[in-house]
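**Q** below are the sequence and a predicted model; questions follow.
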Amino acid sequence: MSEAMAAPKTQAPRLYGLLAEFETVDGLVAACEQVRDAGYRRWDAFAPFPVHGLNDAMGIKHTKLPLVVLASGITGATFALLLQWWMNAHNYKLIISGKPLFGIPAAIPITFELTVLFSALAAFIGMLAFNNLPMFYHPLFRSDRFRRVTSDRFFIAIEAGDPLFDESRTTRLLEQAGAAGLERVEE
Amino acid sequence: MRGATINPALENPGVRTPLIEGQNDFATITETVCGIVERPKPPRAWYAMLGVSMLLTGVLFAMIGYLFFKGVGVWGLNSPVGWAFDITNFVFWVGIGHAGTLISAILFLFRQKWRTSINRFAEGMTIFAVVCAGLFPAIHVGRVWFLWFVFPLPNQNMIWPNFRSPLLWDVFAVSTYMLVSLMFWYMGMVPDLATLRDRATGKVRQIVYGLLSLGWRGSNRQWHRYEVAYLLLAALATPLVLSVHSVVSFDFAASQVPGWHATIFPPYFVAGAIFSGFAMVITLIIPARKFFKLHEIITLRHLENMAKIILATGSMVGLAYATELFIAWYSGNPYERFVFLNRMMGPYAWAYFIMVGCNVLVPQIFWSRRARRSIGLLLGASILINVGMWFERFVIIVTSLARDYLPSSWGMFKPTAVDILTLVGSFGLFSTLFLLFIRFLPIIAMAEVKSVMPQARLAQGGHAGAGDYHGDIPQQHDAGRAESVVREGLDRAPKGGRR
């Protein structure tokens, strides 16, 4: 029992993947094309700002986020209309200067606002959820050179979990792709 | 580096002025912007301004406390003038906020890349202005302990709020606006907070910025979803910002008071809001640019563009004033005619002419390029415009209420000291929040600025010389290189992505 608990401590740290550094946008995009064409799946590129053309170079599929936002917007509109009808025309009939208890024109402003509110919440929360954020620990944060990813450097990380990953072959691929620096990152 | 550079070697010889001036690359942008937050001590002027602002904020809350204790009688309100400084301040502050959303959302949709240098700043201004705005309707209700009746919550009377009232629409519009602006601002800031986290040296900074940046690591799979979410938020915020001031104008337009009951109000209010908001951006950005030496990021071109928007929206406001006068005459309605004559010649004529002078005449100086590029004139004009726009709301609200239908029920409004101190105090609250923002958060959207720099562009054909091309990488400005970039680009083009 005690041996089993102590075991993980003595084990050598597992390899998370290989981290390659690039100095320019062009270098990153060209390297991404090579990694993509080599057939890797579990890898990612990192940049201080969204790089145009990188999605194609990486072969990323378009996110489903817009559909989530649309669905949420429709929910917001329906909720707003039902809310106004139920509260003013059904649950407690509020008679105000002979106006109809419920009418679409007067319900539009609040319906519009709640549509926007629901959609915006879905866009924000959906983006975080799809991106697995917040995530306060990540193996890449162990790398000192990776700190420059939010300032002026570009990176590619290929995970050891990728079926094609082979330390020597993947290293060669990244070197050939023009990496200015290469690093093993441990979990 | 003034104006466009003509380079006949390129397909499009007229290359635009660069958005970022000087010998800058990604690292220098990070250094300049983070440097503001990371310097161990802010300039002494910052402490002085924070001291004054906090004092005024104290005054604001003291006045609010006094108001709660004594009741709304401490203001100069009376019958018939039941709305005066409170609602004027509310409309004024909401309006200020609109420029921030315009810059961050509408200019984003229009692909106006110059917005990247000023959007964070303007969005911050939006949030703080809406905080100040939200305060006034809340404190003006009289019995503040019933304020929660505005929300559709079950209450002891078993009655729900009246959803057919523009005042309730306003509650929904302003709260939605606040929440959406906050999300937009924060989401835009996450990558820059991550930059601060990665540069942090102390434990406290590392933890605080680490928590705020949510573990952002600039992965392209994240950037992809981030950009889609940003675009969606911009597309949602655009109609939202137009709706907010339209709904605010319904508070007036849906009533029957002469001078308020006008169909022109929604567009007129929106134009005025953007106008005043841009003036406030200029008022705030000029000192910040000077204190923190941001001349290369916030260039004269940015200020000039803002001056052009001020000129355009100021002229729209002028057109709205003229249309109101025309309609008052053309309607043939004697009360309507009287209200406008009374505004111009009655006891509040001085306020009317401050309004016209500051809002219509002052911005006309921006027809001159020299005025648009003069820091002094920009600052002076923007302050006058803020004054003018406050008076616009005062004129609309108070002159219409003071003399409506029956001369026997006319009455004059005179502000009390509490009225004036509350207004002054709200500026204190606004500037306190703003000063804290420029000290602790990244005031320039670094990630976005980097993406419009020439270094961020691929050397592929279709980028050099194209519509959104804003200059070359500094120091490599010779025609020979530009030409080779184009040729190289043409060679590479067919190899492109997977499309």
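**A** That came in fine, so what should we check first?

**Q** so where's the longest helix in chain A?
**A** helix A:104-130 (DSSP state H).

**Q** packing partners for that helix?
**A** The contact analysis (3 or more CB pairs under 8 Å, 6 or more residues apart in numbering or on different chains; DSSP states H and E) places helix A:104-130 against helix A:65-85, helix B:166-199, helix B:220-253. All C-beta spots, glycine's among them, are computed from the backbone N, C-alpha and C.

**Q** which one, of those, ends up nearest to B:Phe110?
**A** Of all the helices and strands packed on helix A:104-130, the one in closest proximity to B:Phe110, counting by CB to CB, is helix B:220-253 (9.7 Å).

**Q** just give me how far the closest one sits from the chain centre.
**A** Between the mean C-alpha point of helix B:220-253 and the mean C-alpha point of its chain there is a distance of 14 Å (CA atoms, centre = their mean, to the nearest Å).

**Q** report the buried residues of whichever helix or strand comes after that helix.
**A** Proceeding N to C from helix B:220-253, the next assigned helix or strand is helix B:265-291, under DSSP states H and E. Going by neighbour count (16 or more other CB atoms under 10 Å in any protein chain shown), the buried part of helix B:265-291 is B:265-286, B:288-289.

**Q** secondary structure class for the closest residue to chain B within chain A?
**A** Of all residues in chain A, A:Asp56 sits closest to chain B, with a separation of 2.8 Å (CB to the nearest CB). Assigned state for A:Asp56: helix (three-state reduction, DSSP: H, G, I helix; E, B strand; the rest coil).

**Q** residues near it, how many?
**A** Counted with other CB atoms under 10 Å in any protein chain shown, the neighbours of A:Asp56 add up to 16.

**Q** nearest spatial neighbour of B:Tyr209, skipping sequence neighbours?
**A** Spatial nearest neighbour of B:Tyr209, excluding adjacent residues (CB to CB, 6 or more residues apart in numbering or on different chains): B:Arg197 at 4.0 Å.

**Q** I'd guessed B:Met280 sits against B:Ala129; true?
**A** Yes - with the criterion set as CB atoms under 8 Å, B:Met280 and B:Ala129 qualify as a contacting pair; they are 7.4 Å apart.

**Q** give me the common contacts of these two.
**A** With contacts taken as CB atoms under 8 Å, 6 or more residues apart in numbering or on different chains, B:Met280 and B:Ala129 have B:Ile96 as neighbours in common.

**Q** circling back: wait, which of the helices and strands packed on helix A:104-130 is closest to B:Glu21?
**A** Nearest to B:Glu21 among those is helix B:166-199 (20.8 Å), distances taken as CB to CB.

**Q** ok and the helix or strand following that closest one relative to helix B:166-199, angle-wise?
**A** Following helix B:166-199 in sequence order, the next helix or strand is helix B:203-212 (DSSP H and E). On the basis of axes from the mean of the first three to the mean of the last three CA atoms, to 10 degrees, helix B:203-212 is oriented at 130 degrees to helix B:166-199.

**Q** my read: the residue nearest to B:Tyr209 touches B:Ile207, true?
**A** No - in this structure, B:Arg197 is not within contact of B:Ile207 by CB under 8 Å, at 9.0 Å.

**Q** and stretch B:162-175, what's buried?
**A** Across stretch B:162-175, burial judged by 16+ other CB under 10 Å covers B:163-164, B:166, B:168-175.

**Q** residues contacting B:Phe184?
**A** A:120, B:101, B:104-105, B:123, B:233-234, B:237.

**Q** what separates the most centrally placed residue in chain A from B:His302, distance-wise?
**A** For chain A, A:Asn131 is the residue whose C-alpha lies nearest the centre (CA atoms, centre = their mean; 2.5 Å). Here A:Asn131 is placed at a distance of 31 Å from B:His302 (CB to CB, to the nearest Å).

**Q** and if you look at B:Val398?
**A** Counting by CB to CB, the separation of B:Val398 from B:His302 is 36 Å.

**Q** also B:Leu384?
**A** Relative to B:His302, B:Leu384 is positioned 21 Å away (CB to CB).

**Q** these two: who's more crowded?
**A** B:His302 (21 against 18).

**Q** surely the more buried one meets B:Ser117?
**A** Yes - under the contact definition of CB under 8 Å, B:His302 touches B:Ser117, with a separation of 5.4 Å.

**Q** rounded mean pLDDT for whichever strand or helix holds B:Gly95, please.
**A** In this structure, B:Gly95 sits in helix B:85-101 according to DSSP H and E. For helix B:85-101, mean pLDDT rounds to 92.

**Q** could you give the angle of it to helix B:220-253?
**A** The directions of helix B:85-101 and helix B:220-253 differ by 150 degrees, with the same axes, to 10 degrees as the criterion.

**Q** next one: helix B:85-101 to chain centre, how far?
**A** Centroid displacement of helix B:85-101 relative to its chain, using CA atoms, centre = their mean, is 9 Å.

**Q** what does stretch B:382-400 give?
**A** Averaged over its C-alpha atoms, stretch B:382-400 has a centre that lies 17 Å from its chain's centre (CA atoms, centre = their mean).

**Q** now do stretch A:55-72
**A** Distance, stretch centre to chain centre, for stretch A:55-72: 10 Å (CA atoms, centre = their mean).

**Q** number of nearby residues for the residue nearest to A:Leu101 when sequence neighbours are not counted?
**A** Ranked by CB to CB, 6+ apart and with sequence neighbours excluded, the top spatial neighbour of A:Leu101 is A:Ala89, at 3.7 Å. Other residues within reach of A:Ala89, judged by other CB under 10 Å, total 16.

**Q** and the gap between the residue nearest to B:Tyr209 and B:Pro191?
**A** When CB to CB is the yardstick, B:Arg197 and B:Pro191 sit 10 Å from each other.

**Q** these two: which has the busier surroundings?
**A** Just comparing B:Arg197 and B:Pro191: by other CB under 10 Å the higher neighbour count belongs to B:Pro191, 26 against 23.

**Q** roughly how far apart are the more buried one and chain A?
**A** When CB to the nearest CB, to the nearest Å is the yardstick, B:Pro191 and chain A sit 7 Å from each other.

**Q** what about that residue, distance to A:Trp43?
**A** From B:Pro191 over to A:Trp43 the distance is 21 Å, taken as CB to CB.

**Q** now do B:Ser409
**A** Counting by CB to CB, the gap between B:Ser409 and A:Trp43 amounts to 76 Å.

**Q** kindly report the same for A:Leu83.
**A** Shown here: A:Leu83 relative to A:Trp43, a distance of 47 Å by CB to CB.

**Q** likewise for B:Ile282?
**A** If you measure B:Ile282 against A:Trp43 using CB to CB, the figure is 46 Å.

**Q** likewise A:Trp85?
**A** Remark: distance between A:Trp85 and A:Trp43 (CB to CB) = 52 Å.

**Q** of these two, which one has the most company?
**A** Just comparing A:Trp85 and A:Trp43: by other CB under 10 Å the higher neighbour count belongs to A:Trp43, 22 against 17.

**Q** quick one: contacts for the nearest residue in space to that one that is not next to it in sequence?
**A** Nearest non-adjacent residue to A:Trp43, counting by CB to CB, 6+ apart: A:Ile158, 4.2 Å away. With contact set as CB under 8 Å, 6+ apart, A:Ile158 has these partners: A:17-18, A:20, A:35, A:40, A:42-43, A:165, A:170, A:174.
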